[in-house]
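>>> Model the structure of this input:
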Amino acid sequence: MRHPFTCFALAFVLALSACAADAAKRKEHQNVEFSPQRFAEQRDTILESLHDETYTELTDENRSAVLAALARMEARLSGVSRFEDMDKRDQTAVFNDQELINNLLTQAAADSRLICKREKFVGSNRTTNVCLTVGERRRLAEAAQDQMRGLQGSGYLPRE
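Okay, the predicted model is just below:
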């Protein structure tokens with residue numbers, strides 16, 4: 001018969017290794033500095049990463065904004081080998097689109113980060129791993145606050 005602590009330690013090590021393996025599969029977000037020569041390669045990298053776990057919390061609206069900015073940049077960069085060859089307005093527009101893409105993807109990557117916590121559920125002494133993204137945790141907290149506000153407004157709970 002195994003000692004209960006040994007079973008717990010084994011389960012804990014397996015849970016940690018599963019979280020580590022999941023984290024290893026995830027790509028890390030990096031800001032992109034666009035250059036006219038490498039734009040197609042960089043665009044393809046971004047389009048590929050939009051469909052994996054790096055940006056799971058990117059909203060449809062922000063995904064559309066990223067795709068539109070990439071299309072605008074592609075139109076302005078076609079036939080250009082250096083930024084200096086571009087009109088100043090086009091340089092500014094490309095820079096602004098680059099900043100928009102970096103800001104949206106940085107926020108989505110931060111919200112897509114997976115956090116695992118060991119939690120005990122009510123009525124149970126067993127702890128389990130609960131893995132949620134930062135965005136999912138924020139949405140759950142907001143839903144709980146809205147529910148509490150609704151109960152306070154209905155008279156079921158006293159107002160503070």
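>>> Show me the domain layout of the chain.
Domain assignment of the chain by automatic domain parsing yields the ranges 4-25+114-154, 39-111.
>>> what's the spacing between the residue most central in space within the chain and residue 82?
The residue lying closest to the centre of the chain (C-alpha atoms, centre = their mean) is residue 112, at 2.4 Å. From residue 112 over to residue 82 the distance is 35 Å, taken as C-beta to C-beta, to the nearest Å. Backbone N, C-alpha and C define where each C-beta goes, glycine included.
>>> can you give me how far whatever helix or strand residue 118 lives in is from the chain middle?
Residue 118 belongs to strand 114-120 when assigned by DSSP states H and E. Distance of strand 114-120 from its chain centroid, counting by C-alpha atoms, centre = their mean, to the nearest Å, is 17 Å.
>>> Next, the angle from whichever helix or strand comes after that strand to strand 114-120.
As assigned by DSSP H and E, the chain's next helix or strand after strand 114-120 is strand 127-133. Orientation check (axes from the mean of the first three to the mean of the last three C-alpha atoms, to 10 degrees): strand 127-133 against strand 114-120 gives 150 degrees.
>>> pLDDT of the following helix or strand past strand 127-133, averaged?
Counting by DSSP H and E, the next helix or strand C-terminal to strand 127-133 is helix 134-154. In this model, helix 134-154 carries a mean pLDDT of 85.
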